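>>> Show me the folded form of this:
(3 chains)
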Amino acid sequence: MSSPAPLIFWFRQDLRLTDQPALTAALAHAQQTGQRVIALYILDESKGTRPLGGASRWWLHHSLTSLMQKIPLTLRKGPAAQVLADVIKQSNASGVFWSRCYEPYAIERDKEIKASLTARGLLAESFNSSLLIEPWELKTKTGTPYQVFTPFWKAARAVIDAAPTIIKPLPAVDPAGLAPPLASEQLSDWQLLPTSPDWAKSFTPHWQPGEDGARQNLIRFLDHAIHDYKEDRNLPAGQHTSRLSPHLHFGEISPRQIWYATQTAITAGRVQPDANSDQFLAEVGWREFSYHLLYHFPTLPHAPLNAKFAAFPWLDNAKGLRAWQRGMTGYPIVDAGMRELWQTGWMHNRVRMIVASFLVKDLMVPWQQGEDWFWDTLLDADLASNVCSWQWVAGCGADAAPYFRVFNPALQGEKFDASGAYIRRYVPEIAELPDKWIHRPFEAPKDVLQAAGIKLGTTYPHPLVDHSFARDRALAAFAEIKGS
DNA sequence: TGAAATGTTGGGGCG
DNA sequence: ACGCCCCAACATTTC
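The predicted model follows:
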């Protein structure tokens, strides 16, 4: 007699076992019917998807490794629909459970998969695992999607505060209900890790991919940095942020867990319910807002939300783009940020705004090219957040920074890295400059440069462009499209 | 989740 | 003593 048909749980951007509604439901359903659950991860880089960036591949490798230490996991590579069909055939499975993704191509693919499974009489169930509120659940009074953060967040908080149970995380699943893996591909065969050169070696001390690392970052943040978060989150030199972004992207932790842990710390008196905790929750809110926007405006990854920007006179500036990517623009705060990104797979958010403003406004490079670079190099590369943030900086997005709001890199550096500690860490060739000149070596007197062992144009680049000139140029370009 | 230009005010130097 | 000017310091406007 054959054993009952198993269910398949399809892991995607939800690589965790706690607060896992889809897996919890699959296991509960299986238990009732005497089934077991096959845990499956599919590496789907087929046409139509956006292939993972290099940094994301590194993270995925380690996150899957961490998950496989806890549960049996079957690995397969290929177009998801085809892989699922194969696995269903092999295992005689009676259904598939998964957590929703919201990238336009994922929505389209998953819809087809669901329809096809259902048509064949199989169970196909999807769940919300990664958002506090589904993108279609919030609408303005006139029934349109929100395009401004503040009212969006006000409405979202009202929903959350009125129904505290929606942020109550589920307990960890019991892996006993999981089936042994089917014939699985080897993770090492996927070659997710870089070799020759191993440019990810320097990532290791900064990150612990997987559910345990995510929890540790959250606990550490709630114990320390949250107390002065509102102001200190702007300082890139210290550890003033949660560093949860890659964990969130891969679903190693859910926003519900973050929210609940914060509320619990407040109730216990370990955290004050003040502007600092509100600011932290609002940052979670920006992620929700990005998903809301991406869902309702699926062209966002390619096209400016503000149609006027279609006519913006971007420059074909390959040389500038390359210097920016390598952290060789001659503006210390920009170069420090780009090198932090390269070395650690992450960049402080204040600095992300500065480098993005520099690329888009000072160099007039199309924001899509910056978005591409971030997609490839960020461990937390996330379509919704990345695209919305780039459009925000470029001035063409929702609730965007006005185009004429141009960051002055030297002033931003002086304001948020007054002691130059961040610059000296990532741009060591100018470390000997005194604080007064560390953010503007191009204005330092000759003898100061010499004493610091700097020869501009040799040991550190001249500025790629003069900021004051670039600012005027950007404003003129903006004026061109303003009336269009 | 700006910066620069322009306007206003008031203290102090100085004839 | 008074008016004039300079210029921080701060506020407002503009991009």
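>>> ok, now which ones touch the residue of the stretch 1-150 of chain A found nearest DNA strand B?
Across the stretch 1-150 of chain A, the shortest distance to DNA strand B (Cβ to the nearest atom of the strand) belongs to A:Phe149, at 6.1 Å. Where C-beta positions appear, they are placed from N, C-alpha and C, glycine not excepted. If you count contacts by Cβ atoms under 8 Å, 6 or more residues apart in numbering, A:Phe149 has them with A:285-286, A:289, A:398-399.
>>> For the residues you listed, work out which two are farthest apart.
Across the contacts of A:Phe149, no pair lies farther apart than A:Gly285 and A:Ala398, at 13.5 Å, counting by Cβ to Cβ.
>>> A:Tyr41 is in what secondary structure piece?
strand A:37-43 (DSSP states H and E).
>>> Which neighbouring elements make contact with the next helix or strand after that strand?
For strand A:37-43, the succeeding helix or strand toward the C-terminus, using DSSP H and E, is helix A:54-68. Applying 3 or more Cβ pairs under 8 Å, 6 or more residues apart in numbering; DSSP states H and E, we find helix A:54-68 packed against helix A:211-223, helix A:367-377.
>>> Is A:Pro169 located within a helix, as I assumed?
No - when DSSP: H, G, I helix; E, B strand; the rest coil is applied, A:Pro169 is found to be coil, with no helix at that position.
>>> What separation do you get for it and DNA strand C?
A:Pro169 is 43 Å from DNA strand C, where distance means Cβ to the nearest atom of the strand, to the nearest Å.
>>> What are the phi and psi values at the nearest residue to that residue once chain neighbours are set aside?
Closest residue in space to A:Pro169, ignoring its immediate chain neighbours: A:Asp19 at 3.6 Å, by Cβ to Cβ, 6 or more residues apart in numbering. Dihedral pair for A:Asp19: phi 50, psi 60, per degrees, to the nearest 10.
>>> give the contact list for A:Asp19.
With contact taken as Cβ under 8 Å, 6+ apart, A:Asp19 is in contact with A:129, A:169-170, A:254, A:256-257.
>>> nearest to DNA strand C, of the helices and strands packed on helix A:54-68?
helix A:367-377 (19.7 Å).
>>> buried stuff in the closest one?
By neighbour count with 16 or more other Cβ atoms under 10 Å, helix A:367-377 contains the buried residues A:367-371, A:373-377.
>>> how far does that helix sit from the chain's center?
A distance of 12 Å separates the centroid of the chain from that of helix A:367-377, by Cα atoms, centre = their mean, to the nearest Å.
>>> Export only the CA atoms of that helix, formatted as PDB.
What follows is helix A:367-377, C-alpha atoms only, in PDB (Å, rounded to 0.1, in the frame of the first residue of the first chain):
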ATOM      1  CA  TRP A 367      18.600  56.300 -12.100                       C
ATOM      2  CA  GLN A 368      18.100  52.900 -13.700                       C
ATOM      3  CA  GLN A 369      21.800  52.500 -14.000                       C
ATOM      4  CA  GLY A 370      22.300  53.200 -10.300                       C
ATOM      5  CA  GLU A 371      19.500  50.800  -9.500                       C
ATOM      6  CA  ASP A 372      21.200  48.100 -11.500                       C
ATOM      7  CA  TRP A 373      24.400  48.500  -9.700                       C
ATOM      8  CA  PHE A 374      22.700  48.400  -6.300                       C
ATOM      9  CA  TRP A 375      20.800  45.300  -7.500                       C
ATOM     10  CA  ASP A 376      24.000  43.500  -8.200                       C
ATOM     11  CA  THR A 377      26.000  44.600  -5.200                       C
END
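>>> Give me the contact list for the helix or strand just after it.
Following helix A:367-377 in sequence order, the next helix or strand is helix A:383-394 (DSSP H and E). Residues outside helix A:383-394 that contact it (Cβ under 8 Å, 6+ apart): A:50, A:102-103, A:245, A:249, A:286-287, A:289-291, A:293-294, A:300-301, A:304-305, A:309, A:352-353, A:356-357, A:360, A:367-368, A:370-371, A:374-375, A:378, A:397-401, A:403.
>>> and helix A:383-394 with helix A:367-377, angle?
Orientation check (axes from the mean of the first three to the mean of the last three Cα atoms, to 10 degrees): helix A:383-394 against helix A:367-377 gives 140 degrees.
>>> Could you check how far helix A:383-394 is from the centre of its chain?
The answer for helix A:383-394 is 10 Å, by Cα atoms, centre = their mean.
>>> that older thread, between the contacts of A:Phe149, which is nearest DNA strand B?
Of all these, A:Trp286 has the smallest distance to DNA strand B: 5.1 Å, by Cβ to the nearest atom of the strand.
>>> Please report how far A:Asp212 lies from A:Asp44.
As judged by Cβ to Cβ, to the nearest Å, A:Asp212 and A:Asp44 stand 26 Å apart.
>>> So which of those two has more stuff around it?
Just comparing A:Asp212 and A:Asp44: by other Cβ atoms under 10 Å the higher neighbour count belongs to A:Asp44, 21 against 14.
>>> Pull out the buried positions in the longest helix anywhere in chain A.
Ranked by residue count under DSSP state H, the longest helix found in chain A is helix A:275-296. Across helix A:275-296, burial judged by 16+ other Cβ under 10 Å covers A:276-277, A:280-296.
>>> Then stretch A:409-422?
Residues A:409-410, A:412-414, A:416-417, A:420, A:422 are the ones in stretch A:409-422 that count as buried (16+ other Cβ under 10 Å).
>>> Same check on stretch A:347-364?
A:347-364.
>>> so which of those residues also contact DNA strand C?
Contacts with DNA strand C are made by none of these, judged by Cβ under 7 Å from any atom of the strand.
>>> what residue ranges in the stretch 1-150 of chain A score low on pLDDT?
Residue ranges of the stretch 1-150 of chain A with pLDDT under 70: A:1-3.
>>> Now do the helices in it.
With helices called from DSSP state H, counting those that start in this stretch, the stretch 1-150 of chain A shows them at A:21-33, A:54-68, A:80-91, A:104-119, A:149-162.
>>> Out of the ones you listed, which gets nearest to A:Glu432?
Nearest of these to A:Glu432, taken as Cβ to Cβ: helix A:54-68 at 31.2 Å.
>>> and chain A, what are its domains?
Here the domain assignment for chain A is A:7-129, A:130-168+A:210-296, A:307-482, based on automatic domain parsing.
>>> mind putting these in JSON lines, distance to A:Leu192 included?
Formatted as JSON lines, these follow (distance: least, Cβ to Cβ, whole Å):
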{"stretch": "domain A:7-129", "distance to A:Leu192": "4"}
{"stretch": "domain A:130-168+A:210-296", "distance to A:Leu192": "13"}
{"stretch": "domain A:307-482", "distance to A:Leu192": "13"}
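>>> Strands along the stretch 351-484 of chain A, start to end?
Assigned by DSSP state E, counting those that start in this stretch, the stretch 351-484 of chain A shows no strands.
>>> quick one: contacts for the closest residue to A:Leu52 other than its chain neighbours?
In space, and not counting its chain neighbours, A:Leu52 is closest to A:Leu60: 6.5 Å by Cβ to Cβ, 6+ apart. Residues near A:Leu60 by Cβ under 8 Å, 6+ apart: A:52, A:192, A:250.
>>> ok, now with 10 Å
A:13, A:15, A:41, A:43, A:52, A:187, A:190, A:192-193, A:209, A:250, A:379 (Cβ atoms under 10 Å, 6 or more residues apart in numbering).
>>> And A:Pro181, by the same measure?
Taking Cβ under 10 Å, 6+ apart as the contact definition, A:Pro181 lies against A:38-40, A:68, A:71-75.
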